[in-house]
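> Output the structure for:
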Amino acid sequence: SGGKYLIGRYDTEQQLFRGLRGGSFNSAVTACSAFGGVHAPSAASDGNGGVVGVFNLTEALDGRSCGQIVSLPRRFTLCGAYMDELAVEPASELTALRGAHWRQENVLLPANQEVVLSGVRGNVMEVQLEFAPADTLPTVDVAVLRAENGEEATHIRCYRQRGCRNWDHFEECGGWEGTSFDTVVVLDNTESSLLPGVRCRAPETAAFFLSPKESLKLQIFLDKSLVEVFVNGRVCLSARVYPSRADSLGVSVRAKECETTLTRMDAWKYDGTAFAK
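Purely as a prediction, here's the structure:
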């Protein structure tokens with residue numbers, strides 16, 4: 001069923017770990033490691049209060065269920081008011097791989113219109129997106145590895161305050177009349193490929209609390225057949241994808257329900273090539 005984690009306290013007198021809460025590193029409905037999920041974690045302390053882990057990612061092609069690759073290294077720490085929640089971010093050493101850089105700022109996203117980020121194209125790169133903080137941030141749909149006609153694309157959707165009520169933040173957010181609902185993020189590879197034999201994974205779905213004045217931040221890594229998404233340092237979603245079209249290289253953003261602003265977009269090539277100007 002894939003890699004799991006436990007958070008708890010270590011009793012030094014009895015030499016016993018007491019688990020308080022835990023979860024799965026796969027966030028699909030089935031939490032299964034098959035069809036492009038993560039499993040077989042390897043981890044070690046980083047010497048600075050964190051743990052760095054890597055995972056195997058399974059194939060999602062017929063007849064190749066045993067072919068696997070390794071995920072990006074992820075650094076895990078504890079966060080939350082009681083330091084009992086898992087935080088995750090890409091290992092800082094990955095910045096050494098950054099090549100050509102492209103930035104856009106203050107891009108207006110009209111309601112229900114897809115905006116293609118001009119010049120940002122590639123399948124081996126890192127993309128960071130930050131949206132304007134707002135109590136009513138709309139649902140955001142980011143498409144990566146997008147064909148020019150939209151026929152192929154991998155979608156990352158963020159639904160602000162569309163999850164269950166988060167009781168840990170109930171009072172600080174105004175009680176029953178407040179906004180103490182979790183934000184839900186989804187990684188969907190259903191439309192990633194037109195190739196026969198590609199087995200779609202149930203969308204990876206995770207929930208976390210994003211405060212009303214906090215910006216939504218996405219850090220997306222693309223590596224040909226691998227998409228990994230880190231969201232506000234709290235969750236990480238991953239999937240295998242197999243685009244068939246040579247032009248499945250684009251990135252677009254769509255704001256649903258109401259307009260918003262993409263305050264900052266940074267992209268780095270990791271393959272030594274340059275961005276189109």
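> can you count the residues close to residue 175?
For residue 175, the neighbour count with other C-beta atoms under 10 Å is 9. The C-beta positions use only the backbone N, C-alpha and C, and glycine is treated the same way.
> right, I mislabeled it, should have said residue 200
Burial of residue 200 is recorded as 16 neighbouring residues (other C-beta under 10 Å).
> How about the contacts made by it?
35, 60, 189-190, 192 (C-beta atoms under 8 Å, 6 or more residues apart in numbering).
> Look at residue 57 and tell me its secondary structure.
strand (DSSP: H, G, I helix; E, B strand; the rest coil).
> looking at it, it is touching residue 36, isn't it?
Yes: contact criterion C-beta atoms under 8 Å: residue 57 and residue 36 qualify, at 6.4 Å.
> Can you read off the pLDDT for residue 170?
Listed pLDDT for residue 170 reads 61.
> With the one 4 residues further on instead?
Looking at residue 174, its pLDDT is 68.
> Quick one: the contacts of residue 200 as a markdown table, columns for distance to residue 257 too.
Formatted as a markdown table, the contacts of residue 200 follow (distance: C-beta to C-beta, whole Å):
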| residue | distance to residue 257 |
| --- | --- |
| 35 | 31 |
| 60 | 32 |
| 189 | 24 |
| 190 | 22 |
| 192 | 25 |
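> Narrow those residues to those that are buried.
With burial judged by 16 or more other C-beta atoms under 10 Å, the buried subset of the contacts of residue 200 is 35, 60, 189, 192.
> tell me, what's touching residue 57 and residue 36 both at once?
Joint contacts of residue 57 and residue 36 (C-beta under 8 Å, 6+ apart) are 238, 240.
> neighbour-wise, which of these two wins?
More crowded of residue 57 and residue 36, by other C-beta under 10 Å: residue 36, with 28 against 23.
> Verify the contact between that one and residue 61 for me.
No: Residue 36 is beyond contact range of residue 61, at 9.3 Å (criterion: C-beta under 8 Å).
> what is in contact with these two at once?
Common neighbours of residue 36 and residue 61, using C-beta under 8 Å, 6+ apart, are residue 199.
> Next, give phi and psi for residue 269.
Reported as degrees, to the nearest 10, the phi and psi values for residue 269 are phi -80, psi 140.
> and it, how many neighbours?
20.
> per-residue pLDDT, it?
On the pLDDT scale, residue 269 is placed at 95.
> With residue 134 instead?
Predicted confidence (pLDDT) for residue 134: 65.
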